[in-house]
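In: Just the structure for this:
(3 chains)
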Amino acid sequence: MGKKPFVHPYIPNSVPEIREEMLKAVGAKNIEELYMEIPEQLRFRGKMNLPEPILSEYELKRHVEDILSKNTSCKEYLNFLGAGCWQHYVPAVVDEIVNRAEFVTAYCGDTYSDLGKFQTRFEFYSMMGELLNMDVVTEPAYDWGTTAGLSIRMASRITGRNQVLIAATVGSDRLLQIKNLCQPPVMDNHITVNLVDYELKSGLMDLHNLKNKISDKTAAIYFENPSYLGFIEEQGEEISRIAKEHGALCIVGVDPISLGVLAPPADYGADIVCGENQPLGIHMLCGGGQAGFIAFRDEEAYVAECPLQLYSITETRKEGQFGYVEVRSEKTSYGARDKGKDWVGTSSGLWTIGAAVYLALMGPQGMREIGETIIQNANYARQKIGEIEGLKVYFKNTFKEFVVNYDGTGKTAAEINQALEAFQIFGGKDLTGEFPELGQSALCCVTEIHRKRDIDKLVMALKEVLKK
Amino acid sequence: MKNYKLRDYHGASWDEPLIMEVGNKGERGIIPPWADQEIREAVGDAAGLMPGPMLRKSELKLPELSQYHVLQHYLRLSQETMGMDLGADIGEGTCTMKYSSKMHELLVRADKFCQLHPLQPEKYLQGVLEIAYKFEQFLKEISGMHQFTFQPGGGSHATYTNACVVRKYHESREELKQRNEMITTIFSHPCDAATPATAGFKVITLMPDENGYPDLEALKAIVSERTAGIMFTNPEDTGIFNPKVAEYVKIVHDVGGLCFYDQANANGILGIARAFDAGFDACHFNLHKTFSSPHGCEGPATGAYGVRKELAGFLPVPVVGFDGEQYFLDYDRSDSIGKVRSFFGNLECVLRSYAWVMNMGEEGLRMVAETAVLNNNYLDKLLLEIKGVSRPYAEGKRRLEQARYSLEKLKEDTGVGSEDIRRRIIDFGIQGYWLSHHPWIVPEPFTPEPCETYSKKDIEYWAAAMAQTIKEAHEDPGYVMNSPYGQPIRGIKDYSAIDDPEKWAMTWRAYKRKFRNK
Amino acid sequence: MRKKLGFIVNPIAGMGGRVGLKGSDGSEILKKALELGAVPESPVRASQALTRMKSIRDDIEIITYPYHMGQYEAANLGFTARVIGKTAENETTAADTEEAVKAMLEMGVDIILFAGGDGTARNIHDVVGMKVPVLGIPTGVKIHSGVYATSPANAGDLVYKFLNKSQKVVLKEAEVMDIDEEAFREDRVSARLYGYMKVPYERTLLQSAKAGSSAGEAVSMDSIASEVINGMEEDWLYIMGPGTTSRAVMDKLSLKNTLLGVDVVCNKTLLASDVNEQELLTLLEGKKAKIVVTIIGGQGYIFGRGNQQISHRVIRRVGIENVVVISTESKILALEGNPLMVDTGDQEMNKELSGYVKVVTGLGKYMAYRVTY
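Out: Residues are numbered from 1 along each chain as shown, chains lettered A, B, ... in the order given. Just a heads-up that it's a prediction; the model follows:
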């Protein structure tokens, strides 16, 4: 650095005169004195090998943009990837609100100084409550996988049992997250995870297998709707009946963008519902827009065991005026509270705001229409791809994702995906390693952003690729 | 201290009804795309493509408003949110509320970032992977650690990741059954106790000695072959740097445990002290605190978690690698704990942090740390001049980038406590302060952190607001207890909704059911 | 309807302290104290507490005893006071206290605020038990009971908030200790756990993801009980000391509990109730055992105050490594950094027990805390 003193636009007190004034005021000769509590052997006196700083905003922006230009986005290539992060349209108004400086920078201000934040959150919980047909919705956290694992731990605490049955169609990444939360077998309070088989043709849960595996040690059954593999689990009512028979809870993981058309899990007996907010007006952000929620009935046992934050509306001293408080239930006298509570921390708050705006914009008609569009687009793609020689499409039905099998082509899914790149297409997620029983296959995702010509392009490209 | 003219502030106050209560049947906020005509003809009605019993039968009661009205509603609510950009957020200690460059937001919003799908083939993600990899190298320099992951979605998620790594480490040595105790300190963040508990460990907490340092003798007494490790924050929220921190590490290492350095409070020691040098096995940084990514109403966030070479194999997958030409994702790690979060974590936080470090450089980072500490010492001087404010522990010793104070004397003299003061100072146009984690060891606490974003005048204003509020507490305690006065709402009437099932309502439908019989 | 505050001041409490005498029960000691120039302190402190409630003066009816047993203090601060009973102006006895409290209960007081030492607390307990909440204003020399606020001002604040039905104030059970004054003045400390009363305390309402959560007393005790029960080994004896935290364990096992005494549990069933030292030693023959104790009283004692049945002989037989200390976090924090105390009657044993102990504070939760003698 040159001899000019280093003054930075983000550091007002880097101006040397001000620093001097402040040092004098605190009675220190120099900055070193302020660090005297740190013993010398813990002081870092070396040089950090960091690049020379780019001080001008213009050059810095350009520098980073140059690096980002090495990415190829889903604006440039046609994208059929899903599997937990999906490409949906984000309304402009959502972006407008989610980029407001007040929301972007808010943190732990309370209901007085950050009322808007709390009211928006409460509106999210309320609208989600309607979507899910449940009276309690938590502040979301991290992602679906986390909330699935936390829901399972919650069920374990409520029932006092240490086993969970999970549909074998759940994605492997989600399962890894759940397993971490369930703890390894050697730990005292671990929850044993057992998978329940599925019927290869329909994708539906094998109820015989479920009945064999469930016992009075089962805390819960967990399955997803739509499934990770794209089909609708129609046996929801039967599964929750079997759960109840054994005193277990029924936990369903749901994609909320389907709930304008499809029944909310509460309607077929789910006790706890979890899922992913990202489809509700959040950009993909390379996987940085995830947010998982948990919802359940307004019962003390559930509220007391809920690991995530819950907020209640409540009156202020002015008539008709509302504020918000955090709920903390102290109930003790039920079941076995033999398990410790989980943690909660900063996770995905801005996406709650975005999802609230999204749901308010969409309204009941929008949610129904988008569900219908997705179903129609995805099923059209499914139909056309199924007609291609050598390809098979699996399972009974499709909401927005379906499995394409390539065994009949002699090519691997990886090869086909690579070939599709030449057509500027990102093919569906390669499932081959994840679900070996499905052979060479990919999970193809089609949403409302795809037009007929996009789907036709995929079909044409596949045909081309397979010719070779 | 100069006589500061405090603002005659009043927060925006729209008396805005809940969105569920406004609108008109039939109004639309947005029209989603419909499937092309030919598609609809080819496949028919969506309902017909779904299993009948699974179709939604219950009415969906969402708001029905035109687009302008939705926008207006949420703009008003944003105005009723002070956030940090508007009101000097010096009060939120441990949160490091620093300025987040608006230029960074342009980068995040660009299609070349926000329109990326995480499962795209690596060759199409070279830009983000380069940023993640290069930023990782920065953190390695800053901390001395060998490898980092950005998968954890926040600080507590990073401490959870550490608990999983420690768990896996001992499991791989077949000692996990025996080593089921994790140690932490009472002034560390509660996640240092809660996350190992979630991971299955018993947690033993150390109390402070008379100087405010975690009791070293206690640590010696409780370590054993049952110790899995220790997880603690330094400097703790009291702002006191524990000079013996390396001794703690040695004591735990000697019994075979692993040591984790919760660096949520790193802002004052960037380039000054490193986790590696104190002997720690792992550490983390909050990118949404120290590295300027904004707080976003509590997320998205990133807890960058770093480890020594010996533990690198346990990190969650994938890890970003560089072969000299291309960046790649390494999933082939048999010892990995698997995943704590889907995909790669919140890369937007990494992107902003990368830009921030590129903007600062080594000299800038030191300037950040030094200014944070100088700012805090300056505020400290002003606060201790106020009657009723005390600063427990380590009497006469300096603090680093934050400090914990007590209003115990004020409470004793007037009955007005810290929660009351907090409610009143926001009337001067500054954000509410942070009290303390539970449990309150320091009675009637408050913990400010004037990081490098704030000017000398900001600090003086903040101290003046505190002085004024405390003066009011002495003169008219009832006035302060009934605050706030300049916000969109008055005080909460009664708090029974906190724990009374008949009073709480987490959704509007629940509220109507309980209070309006609908 | 106005709220009713029972207000009782023991004017001679704390008189001995200032002139170097321990306690001031008994007219002998009182005479000596006055000769040495002692001045009644508790009326002043009682006024300090009452001052904090001035803003709700019109909403409270104070029911109190004559002269400096409450009447003067209330009147001087402008409170409406209903004066009941008779007593001599300068001499008040334990009987006076009990009469006063009886009358207050009959009149339906919402809470009783008193200024006095352990003796006064004991007198009040004999009449009130758990019927109505009570709070003590500290005025005595050294207080062993746990029914006191931290200062007169704090007492006033708590009662004010309680009467205003503030959500910040909740009730907990606190120990009433019976000090043997004779022994005390001879430098022998002898105290037994006399009983429990309900006392208001303040909790914080502010919560956020950052703050973590603070469980209430009931939840904490329940999770402590879980941790103790989860660790119970087959065929081992568990010697359960007195106190509400031990009671939580017994309740969770659905076993009959002696709140003020020692019970013995084995294989999760009740082996013996309210045992003395000899009975313990007999039961212990040829058995492995653990001792489960909690903090009794306001001085932080885990042995020697209220659980003397668990003598040094019993501890020796069981083994120091088998002593389990349980306590809620809030009770430990109330010690304000002061160590836990032991007084087993044997200095060697006291020394061996000193150092650090892992106190069970919840399910899988421990606090490393200092113990001394």
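
In: where exactly do the strands run in the stretch 1-150 of chain C?
Out: Ranges of strands within the stretch 1-150 of chain C are C:3-9, C:60-64, C:81-83, C:111-115, C:134-137, based on DSSP state E, counting those that start in this stretch.

In: out of those strands, which comes closest to chain A?
Out: Smallest distance to chain A across the strands of the stretch 1-150 of chain C (C-beta to the nearest C-beta): 20.1 Å, for strand C:3-9. All C-beta spots, glycine's among them, are computed from the backbone N, C-alpha and C.

In: The closest residue to B:His10 other than its chain neighbours and B:Phe344, how far apart?
Out: Spatially, and ignoring its direct neighbours in sequence, B:His10 is nearest to B:Gly486 (4.5 Å; C-beta to C-beta, 6 or more residues apart in numbering or on different chains). Using C-beta to C-beta, to the nearest Å, we find B:Gly486 at a distance of 43 Å from B:Phe344.

In: quick one, which of these two is more surrounded?
Out: Using other C-beta atoms under 10 Å in any protein chain shown, the more surrounded residue of B:Gly486 and B:Phe344 is B:Phe344, with 24 against 18.

In: ok, the residue lying closest to that one once chain neighbours are set aside - how many residues close by?
Out: Once flanking residues are discounted, B:Phe344 sits nearest to A:Gly287: 5.4 Å by C-beta to C-beta, 6+ apart. Neighbour count of A:Gly287, defined by other C-beta under 10 Å: 24.

In: Thought B:Lys339 was touching A:Gly287, still the case?
Out: No: counting by C-beta atoms under 8 Å, A:Gly287 sits too far from B:Lys339 to count as a contact (11.6 Å).

In: can you confirm the residue nearest to B:His10 is in a helix?
Out: No: secondary structure of B:Gly486 (DSSP: H, G, I helix; E, B strand; the rest coil): coil, not part of a helix.

In: show me what contacts it?
Out: B:9-11, B:426-427, B:429 (C-beta atoms under 8 Å, 6 or more residues apart in numbering or on different chains).

In: can you redo the residues you listed as JSON lines with neighbour count?
Out: What follows is the contacts of B:Gly486, written out as JSON lines (neighbours: other C-beta atoms under 10 Å in any protein chain shown):
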{"residue": "B:Tyr9", "neighbour count": "16"}
{"residue": "B:His10", "neighbour count": "12"}
{"residue": "B:Gly11", "neighbour count": "23"}
{"residue": "B:Ile426", "neighbour count": "28"}
{"residue": "B:Asp427", "neighbour count": "23"}
{"residue": "B:Gly429", "neighbour count": "20"}
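
In: Out of the residues you listed, the closest to A:Phe402 would be?
Out: Relative to A:Phe402, the closest of those is B:Gly11; by C-beta to C-beta it sits at 50.6 Å.

In: Not counting sequence-adjacent ones, nearest residue to that closest one?
Out: Nearest residue to B:Gly11 in three dimensions, chain neighbours excluded: B:Gln487, at 4.8 Å (C-beta to C-beta, 6+ apart).

In: One more: A:Ile191?
Out: Leaving aside its chain neighbours, A:Ile191 sits nearest to A:Cys182 (4.0 Å; criterion: C-beta to C-beta, 6+ apart).

In: burial of that neighbour, as a residue count?
Out: Count around A:Cys182 with other C-beta under 10 Å applied: 24.

In: In contact with it, which residues?
Out: Going by C-beta under 8 Å, 6+ apart, A:Cys182 touches A:149, A:152-153, A:164, A:190-193.

In: can you pick the most crowded of these?
Out: Counting neighbours by other C-beta under 10 Å, A:Gly149 leads these with 30 neighbours.

In: circling back to that earlier point, give me the phi and psi for the residue nearest to B:Gly11.
Out: phi -120, psi 170 (degrees, to the nearest 10).

In: ok, it to A:Tyr311 distance?
Out: For B:Gln487, the distance to A:Tyr311 - C-beta to C-beta - is 18 Å.

In: more crowded one of these two?
Out: Neighbour tally, B:Gln487 and A:Tyr311, criterion other C-beta under 10 Å: the higher count belongs to B:Gln487, 25 against 22.

In: My guess is the more buried one contacts B:Trp14. True?
Out: No: using C-beta under 8 Å, B:Gln487 is not in contact with B:Trp14; the gap is 12.0 Å.

In: Going along the chain, name the helices of the chain.
Out: I'll assume chain A. According to DSSP state H, chain A carries its helices in the segments A:16-25, A:31-34, A:57-68, A:92-98, A:101-105, A:115-132, A:144-159, A:172-182, A:207-213, A:236-245, A:300-305, A:349-386, A:413-421, A:452-467.

In: please go with chain C instead
Out: Under the criterion DSSP H, chain C carries helices at the ranges C:15-18, C:27-35, C:42-51, C:71-76, C:94-106, C:118-128, C:152-163, C:181-185, C:217-230, C:244-252, C:277-284, C:312-318, C:329-333, C:347-353.

In: Mean pLDDT for those helices - can I get that in JSON lines?
Out: JSON lines is the format used below for those (pLDDT from 0 to 100):
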{"stretch": "helix C:15-18", "mean pLDDT": "56"}
{"stretch": "helix C:27-35", "mean pLDDT": "68"}
{"stretch": "helix C:42-51", "mean pLDDT": "89"}
{"stretch": "helix C:71-76", "mean pLDDT": "88"}
{"stretch": "helix C:94-106", "mean pLDDT": "88"}
{"stretch": "helix C:118-128", "mean pLDDT": "91"}
{"stretch": "helix C:152-163", "mean pLDDT": "92"}
{"stretch": "helix C:181-185", "mean pLDDT": "62"}
{"stretch": "helix C:217-230", "mean pLDDT": "91"}
{"stretch": "helix C:244-252", "mean pLDDT": "95"}
{"stretch": "helix C:277-284", "mean pLDDT": "94"}
{"stretch": "helix C:312-318", "mean pLDDT": "95"}
{"stretch": "helix C:329-333", "mean pLDDT": "90"}
{"stretch": "helix C:347-353", "mean pLDDT": "94"}
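
In: Of the ones you listed, which is nearest C:Ile295?
Out: Judging these by C-beta to C-beta, what sits closest to C:Ile295 is helix C:329-333, at 5.4 Å.
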